[in-house]
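K.L.:
Sequence and computational prediction follow.
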Amino acid sequence: MMSTWEKSYSDLLTKVQNSKPLVHNITNVVVTNFTANGLYALGASPVMAYAPEEVADMAKIAGAVVLNIGTLNRELVDAMIIAGQSANAHGVPVLLDPVGAGATSFRTESALRILSKVKISLVRGNAAEVANLVGEAREIKGVDAGDSADSGHVDLAIRAARALNTMVVITGKEDVITDGAEARMISGGDALLTKVTGAGCLLTSVLGAFAAVEPNLLLAGTAGLAFYSAAASRAAARTAELGPGSFQIAFLDELAKLHTGSLEGHVTIREAGTTTAGGAR
């Protein structure tokens, strides 16, 4: 029998697949195609609109707006702020992916400028990116985190959620999501995700799809993280001997094949420090 937590997350997956929410992405040029294909595979409807002249109109009809600073310039940041403020005015959740925050002063300042001008519903990044947003300098190499240890990520996420007044997701070997009061940890996925350019960027957009259908962002974010991890785990099992190219294609296939029982045996969800959800690998 499906447990209460499994039913809640499965109901959200079904809602995404049935309602096909429009996710407006202002994202980086490296990941546009992968992000669009991943959202289509999940069942959402992606749109990539960047022009300052149209982003406000697009944002107000979207289910969620995702701002990703992976390949940024000043005009693009201006467009993100216009889109974010339009989304705020129309009750549309806005998610920020602060790619490479801390790598350069312009990148960090741009992320902070967006945070100061737009009410962000959820920030998703690696530990170094999130730490740099709240003034805790951590090494970052290009747009990759310089550390991979997960110790302390829960505390960092909680500090950041309180400082930024938003939901925070830190991804790594285990993913953490918190609103500053409650925190959950999601275990699953596969290390091959780190070998696919745009895997983290697509995840932020997937979280946007779940946020579009569920106002409880802790619930929506946990569901998105869990199903994303399940798809990665299932794809890795199919392509263990083939490498990241085959994994990438299989991962898109598994996103398309997600169903209400997909978490079983692939994902563990815990309250901070306490096991509350089964299905461990």
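P.N.:
Right, received. Where do you want to start? Numbers count the residues shown, from 1 in each chain.
K.L.:
List the buried residues for stretch 153-173?
P.N.:
Using 16 or more other CB atoms under 10 Å as the test for burial, stretch 153-173 gives 153-154, 156-161, 164, 166-172. (C-beta placed from N, C-alpha, C; glycine too.)
K.L.:
now do stretch 214-233
P.N.:
Quick answer for stretch 214-233 (16+ other CB under 10 Å): 214, 217-233.
K.L.:
Please apply the same query to stretch 181-194.
P.N.:
For stretch 181-194, the neighbour count (16+ other CB under 10 Å) marks 183-190, 192-194 as buried.
K.L.:
pLDDT (mean, whole number) over that stretch?
P.N.:
Throughout stretch 181-194, pLDDT has a mean value of 90.
K.L.:
about what we covered before: point out the ones among the buried residues of stretch 181-194 that are inside strands.
P.N.:
Counting by DSSP state E, the buried residues of stretch 181-194 place 183-187 in strands.
K.L.:
which residues of the stretch 51-200 of the chain fall in strands?
P.N.:
Taking DSSP state E, counting those that start in this stretch, the strands of the stretch 51-200 of the chain run over residues 64-68, 94-97, 122-125, 140-141, 144-145, 167-170, 174-178, 183-187.
K.L.:
which other helices and strands contact the first one?
P.N.:
Here strand 64-68 is seen to pack against strand 22-26, helix 74-89, strand 94-97, helix 199-213 when contacts are counted using 3 or more CB pairs under 8 Å, 6 or more residues apart in numbering; DSSP states H and E.
K.L.:
ok now it, how far from the chain's centre?
P.N.:
Between the centre of strand 64-68 and the centre of its chain there are 10 Å (CA atoms, centre = their mean, to the nearest Å).
K.L.:
Can you give the contact residues for it?
P.N.:
Contact with strand 64-68 is made by 21, 23-28, 31, 59, 80, 83-84, 87, 92-97, 99, 114, 118, 201, 204-205, 208-209, 211-212, as judged by CB atoms under 8 Å, 6 or more residues apart in numbering.
K.L.:
Using a markdown table, please lay out the buried residues of stretch 181-194 together with distance to residue 44.
P.N.:
Below are those laid out as a markdown table (distance: CB to CB, whole Å):
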| residue | distance to residue 44 |
| --- | --- |
| 183 | 26 |
| 184 | 22 |
| 185 | 25 |
| 186 | 20 |
| 187 | 25 |
| 188 | 21 |
| 189 | 20 |
| 190 | 22 |
| 192 | 23 |
| 193 | 19 |
| 194 | 24 |
